[in-house]
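Novice: what follows is a predicted structure for the sequence shown.
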There are 2 protein chains.
Amino acid sequence: MVTLKDIAAEAGVSIMTVSNVINGKTAKVSEENRRKINELIEKYHYVPNLSARSLSAKSSKIIGVIIPTFDTENNIFTNPYISELFGVIEHAVRKEQYYTMVLSVKTANDITTALKNWNVDGAIFLMPHYDKIVDKIQKESRTPMVFIDSYSTNKSIMKVTLNDFKGGYIATKYLIANGHKKIAYAGSCYPDNTIMLQRLGGYKKALEEAGIPFDEQRIICANANYEGGLKAGRDISNHHYDVTAVFSAADIMAIGIMESCKLNGLIIPNDLSIIGYDNLMPSLYVSPKLTTISQNILLKGETAVELLMDSMKSEGEHIKSATLDVEIVERQSVQKYIS
Amino acid sequence: MVTLKDIAAEAGVSIMTVSNVINGKTAKVSEENRRKINELIEKYHYVPNLSARSLSAKSSKIIGVIIPTFDTENNIFTNPYISELFGVIEHAVRKEQYYTMVLSVKTANDITTALKNWNVDGAIFLMPHYDKIVDKIQKESRTPMVFIDSYSTNKSIMKVTLNDFKGGYIATKYLIANGHKKIAYAGSCYPDNTIMLQRLGGYKKALEEAGIPFDEQRIICANANYEGGLKAGRDISNHHYDVTAVFSAADIMAIGIMESCKLNGLIIPNDLSIIGYDNLMPSLYVSPKLTTISQNILLKGETAVELLMDSMKSEGEHIKSATLDVEIVERQSVQKYIS
DNA sequence: CTGAAAGCGCTTACAG
DNA sequence: CTGAAAGCGCTTACAG
């Protein structure tokens, strides 16, 4: 393997000088030496050893992307939202000349360990699963970090979130505008799942504004995935809920609901209107096409990387957060209700 | 930051001894010292610096996953097949106590550079895009590597492939068994796309065995994605092709075809039978549900990591490859053809 | 069972 | 513009 030393020897200069041209500190190097060294680098395909650089410099140029494997052995990359977001982040990180390392973790300790292990320059947390351990994570590590989708109340962390409340609000309002009064919420009801709770909050507010009394009976609690949707759809078809429309807090769940309803003879949107959340590709694949709440995943990922880079560059405390907007995308799964 | 030195000082031993207990070479350390050192490690939350280890040991414990960004700025993680495969690999790598670093590359040089940069212990190539530069890559780097979905003829590389030929064969045979004779192939036709060509080869063989003459007019060349499917479906609907069934070499393309046909008044499977390839989740979301060829992505990813680990452990040349089987999963998009 | 020495490939002050 | 020295945190022989 070719090292700085080899190049320096052949060029007849010190390794410092070679190091300088590699790092673009060319002001410090004579024209001639620069040329000679660059030629040698070309010739031997010299590539710096980043472990060595990481050790001697303070910076590793690695951004850790933290993936939770807390509760499940499931492949989280099966989730299109996570995958797409990850792809965006990887791309943005690469653009900034950093490297992304996937750090899948089980416990809070795993996180601190992984961060220290590689002396990671920054970390991005993809899921809100860490909200309860944010304080702990932060105390144990001085690495700049950005939490995506977090509703932690910790004021000293950087976050990129969505206006989930508004999402639930405009989704429900849209159903109301289409004449619906008996509207279900379908989604997770766990107190820990703050995102879903926000969306539920928006749903409640829209109801309230329209003078429709909130009815606990119309809250369908189930996992916000395909299977959960299947179950919810079955119950709706069996008239366990007295509704004409449903706001599903996740697209994939909405797709499950549609499937179940279809199986049980309900026609969507004639018998039941439905609106989803996320605007993932599959919302285009189903029939009827799913009306849904859209978020800008590209912007989300890029914002996260941007906040991180900013705080890494400026030493001072640079706590910033961003809340992104949502919008409704109208397709075919909602129909005017004629009483 | 706590280092070996700090622990050693407080324990009153040499850093070597601490290093030994950390690396589990406990046979070399007295019971008492071991206990004392472990306590200190606990107390200070000592975590080894892996850059330092990587520098002094030969091994970095990093597996590079190579992602192509050759032709496109598109987010490749938008592709469910790639995402799922990546997730499987990450999980398997982690299980082996290695770390996965995403290496997205534009050129063959990028690959060699990235591999050297981090002194990566092994690399997995996710796409067949490298077939033409396999020789170059291999010559420039002694890193063990596994190529997934590669049809490179280089005998000295490790590969994990699918029996794509068989996939095309059984798909077409299934259509024939259902009474179809006028069967289209829809997929990429680029000579570089060896995977697709294999599937096409299987299609031809099935036709031949059934005594159905191959008809160039029934080869629909288009990109194997949603947009390509849309286009193909439009042409089919407009009777540019005289067919009663189509074998689409990718699920997402098949979904596009279904969408277009629907838009143009064709009923699937009544007017047109269709079979896909991949068995991705979205094949469940469409109506009718897509009959398709299934591959075991979990097995594929795990096999790739296994081959890699084997070759990393045994110094000797350990060139192994695996070809995985495919099977048909029958759903609703194919109907018996009654002439 | 234990340790002193050398070295991995780089960067960071510092001195000229 | 250039270089000698020290050091980053670890592991690898080697010697006891």
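Specialist: Good, I have the coordinates.
Novice: so where do the strands sit in chain A?
Specialist: A:62-68, A:99-105, A:122-125, A:145-148, A:158-162, A:183-187, A:219-221, A:245-248, A:273-278, A:291-295, A:321-324, A:326-329 (DSSP state E).
Novice: among those, single out whichever gets nearest to DNA strand D.
Specialist: DNA strand D lies closest to strand A:62-68 among these, at 15.3 Å (Cβ to the nearest atom of the strand). Glycine gets a C-beta too; all of them are placed from N, C-alpha and C.
Novice: the closest one and DNA strand C, any residue contact?
Specialist: No - using Cβ under 7 Å from any atom of the strand, strand A:62-68 stays clear of DNA strand C, coming no nearer than 14.7 Å.
Novice: quick check: can you name the pairing partners of that strand and their directions?
Specialist: Strand pairing for strand A:62-68, determined by DSSP bridges: strand A:99-105 (parallel), strand A:122-125 (parallel).
Novice: dump the strands of chain A to a markdown table, plus mean neighbour count and mean pLDDT.
Specialist: A markdown table is the format used below for these (neighbours: other Cβ atoms under 10 Å in any protein chain shown; pLDDT from 0 to 100):
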| stretch | mean neighbour count | mean pLDDT |
| --- | --- | --- |
| strand A:62-68 | 24 | 94 |
| strand A:99-105 | 23 | 94 |
| strand A:122-125 | 26 | 96 |
| strand A:145-148 | 26 | 94 |
| strand A:158-162 | 23 | 95 |
| strand A:183-187 | 28 | 98 |
| strand A:219-221 | 18 | 97 |
| strand A:245-248 | 30 | 98 |
| strand A:273-278 | 29 | 97 |
| strand A:291-295 | 24 | 96 |
| strand A:321-324 | 14 | 95 |
| strand A:326-329 | 18 | 97 |
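Novice: and the ones you listed as JSON lines, adding distance to B:K136?
Specialist: As requested, the strands of chain A are exported to JSON lines (distance: least, Cβ to Cβ, whole Å):
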{"stretch": "strand A:62-68", "distance to B:K136": "27"}
{"stretch": "strand A:99-105", "distance to B:K136": "23"}
{"stretch": "strand A:122-125", "distance to B:K136": "34"}
{"stretch": "strand A:145-148", "distance to B:K136": "38"}
{"stretch": "strand A:158-162", "distance to B:K136": "40"}
{"stretch": "strand A:183-187", "distance to B:K136": "51"}
{"stretch": "strand A:219-221", "distance to B:K136": "56"}
{"stretch": "strand A:245-248", "distance to B:K136": "50"}
{"stretch": "strand A:273-278", "distance to B:K136": "42"}
{"stretch": "strand A:291-295", "distance to B:K136": "42"}
{"stretch": "strand A:321-324", "distance to B:K136": "43"}
{"stretch": "strand A:326-329", "distance to B:K136": "45"}
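Novice: chain A against DNA strand C: which residues are in contact?
Specialist: Checking chain A against DNA strand C by Cβ under 7 Å from any atom of the strand, the hits are A:1, A:3-5, A:15-16, A:19, A:22-23, A:48-49, A:52-53, A:55-58.
Novice: now the buried members of the residues you listed.
Specialist: Neighbour counting with 16 or more other Cβ atoms under 10 Å in any protein chain shown marks A:3-4, A:19, A:22, A:48-49, A:52-53, A:55 as buried within those.
Novice: so the closest residue to A:N296 other than its chain neighbours bridges to which residues?
Specialist: Ranked by Cβ to Cβ, 6 or more residues apart in numbering or on different chains and with sequence neighbours excluded, the top spatial neighbour of A:N296 is A:L324, at 6.1 Å. Beta-bridge pairing of A:L324 under DSSP bridges involves A:L162.
Novice: tell me the pLDDT of A:R142.
Specialist: Listed pLDDT for A:R142 reads 84.
Novice: I misspoke; the intended subject was A:E73.
Specialist: pLDDT, A:E73: 65.
Novice: before we move on, what about A:S156?
Specialist: 84.
Novice: for A:Y190, same thing?
Specialist: At A:Y190, pLDDT is 88.
Novice: what's the closest non-adjacent residue to it?
Specialist: A:M196 (7.5 Å).
Novice: before we move on, the earlier item: want to throw the buried ones among the residues of chain A next to DNA strand C into TSV with pLDDT?
Specialist: Formatted as TSV, these follow (pLDDT from 0 to 100):
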residue	pLDDT
A:T3	91
A:L4	90
A:S19	90
A:I22	89
A:P48	93
A:N49	94
A:A52	94
A:R53	93
A:L55	92
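Novice: columns distance to DNA strand D on top of those, output as TSV?
Specialist: As requested, these are exported to TSV (distance: Cβ to the nearest atom of the strand, whole Å):
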residue	distance to DNA strand D
A:T3	12
A:L4	10
A:S19	8
A:I22	13
A:P48	13
A:N49	11
A:A52	7
A:R53	9
A:L55	4
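Novice: which parts of chain A sit against DNA strand D?
Specialist: Residues of chain A lying near DNA strand D (Cβ under 7 Å from any atom of the strand): A:12-14, A:16-17, A:20, A:27-30, A:32-33, A:52, A:55-56.
Novice: widest-spaced pair of these?
Specialist: Greatest spatial distance in those: A:E32 and A:L55, 31.3 Å, computed using Cβ to Cβ.
Novice: tell me the confidence at the residue nearest to A:D149 when sequence neighbours are not counted?
Specialist: Distances taken as Cβ to Cβ, 6+ apart put A:P128 closest to A:D149, at 4.6 Å, once the chain neighbours are dropped. A:P128 is assigned 78 on the pLDDT scale.
Novice: A:Y151 versus A:P128, what's the distance?
Specialist: A:P128 sits 6 Å away from A:Y151, going by Cβ to Cβ, to the nearest Å.
Novice: look at these two and report which has more neighbours.
Specialist: Neighbour count, other Cβ atoms under 10 Å in any protein chain shown: between A:P128 and A:Y151, A:P128 has more, with 22 against 15.
Novice: wait, the more buried one sits on A:I195?
Specialist: Yes - using Cβ atoms under 8 Å, A:P128 is in contact with A:I195, at 5.8 Å.
Novice: give me the common contacts of the two.
Specialist: Taking Cβ atoms under 8 Å, 6 or more residues apart in numbering or on different chains as the criterion, A:P128 and A:I195 both touch A:149, A:151.
Novice: any idea how far apart the tips of stretch A:65-81 sit?
Specialist: 15 Å (Cα to Cα, to the nearest Å).
Novice: now swap in stretch A:210-227 and tell me
Specialist: 32 Å.
Novice: buried set for it?
Specialist: For stretch A:210-227, by 16+ other Cβ under 10 Å, it's A:212, A:218-220, A:222-226.
Novice: list the contacts of that stretch.
Specialist: A:173, A:176, A:181-189, A:196, A:200, A:204, A:207-208, A:228-229, A:231-232, A:235-236, A:241-243, A:246, A:248-250, A:252-253, A:255-256, A:259, B:281, B:284.
Novice: how near is A:P80 to A:N279?
Specialist: 11 Å.
Novice: show me where chain A has helices.
Specialist: A:4-11, A:15-22, A:31-44, A:50-56, A:80-95, A:108-117, A:134-139, A:164-177, A:194-209, A:226-237, A:251-263, A:282-285, A:297-313 (DSSP state H).
Novice: tell me which of the ones you listed sits nearest to B:K95.
Specialist: The nearest among these, by Cβ to Cβ, is helix A:108-117 at 13.8 Å.
Novice: quick one: average pLDDT of the closest one?
Specialist: On average, helix A:108-117 scores 91.
Novice: show me what contacts A:V246?
Specialist: A:183-186, A:220, A:232, A:236, A:254, A:257, A:272-275 are the contacts of A:V246 under Cβ under 8 Å, 6+ apart.
Novice: redo that, cut-off 10 Å
Specialist: Shown in contact with A:V246 (Cβ atoms under 10 Å, 6 or more residues apart in numbering or on different chains): A:175, A:180, A:182-187, A:218, A:220, A:232-233, A:236, A:253-254, A:257-258, A:261, A:268, A:272-276, A:333.
Novice: this completes my enquiry, with thanks.
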